[in-house]
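*Asks:* Kindly generate the corresponding structure for this input.
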Amino acid sequence: MDNIFNESERELIEAARMILSDGVTRLKGRENLFPTNRTKKRADRKEAREAREALTDKLVADYGSLRHEIAVAVLIDAQGRLITIEQFPQGKATQCEVSPRILAGWLVEHGASAVLLAHNHPSGDNTPSEQDVKMTAMLGGWLQVMDVALIDHLVLCGEGATSILGDWL
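*Replies:* Okay, the predicted model is just below:
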């Protein structure tokens, strides 16, 4: 990123990341990021939508414009609150690996009940590939066996995000 932006642009990007990071920190204390049986009231749905938008904005800002693929797992507790965002090992220019073994370790370590997966496309096109869709289906079945909900899988680029399952955005 340092090579394509001038100093002023890098400062603006860093300031935006700090603001978004603060917002995500505040989201950790909120409920209803992920719908639960208690999410019935209209105000709760509005808060959940706003929290999801803030988290999506954070993911796009942090990973959308990278020149290599990177995948992350957003871990969520049983009350629908954000636990943490874990980053898989750095991928290549056109490919990243989402290891079920690494993901399982994070799920157990943090006691997560749900996960939102996301990865970027350095090409700038956030259209899910056939491989993205297949991997999402495979991981969805695997997570179901672990009694962990796969909320969605987002494909990120600098312009925004696309939902593979259609459950998040």
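
*Asks:* got a list of what residue 121 touches?
*Replies:* Neighbouring residues of residue 121 by CB atoms under 8 Å, 6 or more residues apart in numbering: 69, 127, 155, 156, 157. C-betas here are computed from N, CA, C, even on glycine.

*Asks:* That one and residue 131, how far apart?
*Replies:* When distance is defined by CB to CB, to the nearest Å, residue 121 is 11 Å away from residue 131.

*Asks:* Can you give me every residue that contacts residue 60?
*Replies:* Neighbouring residues of residue 60 by CB under 8 Å, 6+ apart: 156, 157, 158, 160, 161.

*Asks:* oh, I was asking about residue 118
*Replies:* Residue 118 sits in contact with 59, 63, 71, 72, 74, 153, 154, 155, 156, 161, where contact means CB under 8 Å, 6+ apart.

*Asks:* among these, which are in strands?
*Replies:* Taking DSSP state E, the ones among the contacts of residue 118 that sit in strands are 71, 72, 74, 153, 154, 155, 156, 161.

*Asks:* Scan those and report the most crowded one.
*Replies:* residue 154 (28 neighbours; other CB atoms under 10 Å).

*Asks:* Tell me the bridge partners for it.
*Replies:* Beta-bridge pairing for residue 154 (DSSP bridges): residue 118, residue 163.

*Asks:* strands paired with the helix or strand containing residue 83, and their directions?
*Replies:* Counting by DSSP states H and E, the element that carries residue 83 is strand 82-87. Counting by DSSP bridges, the strands paired with strand 82-87 are strand 71-76 (antiparallel).
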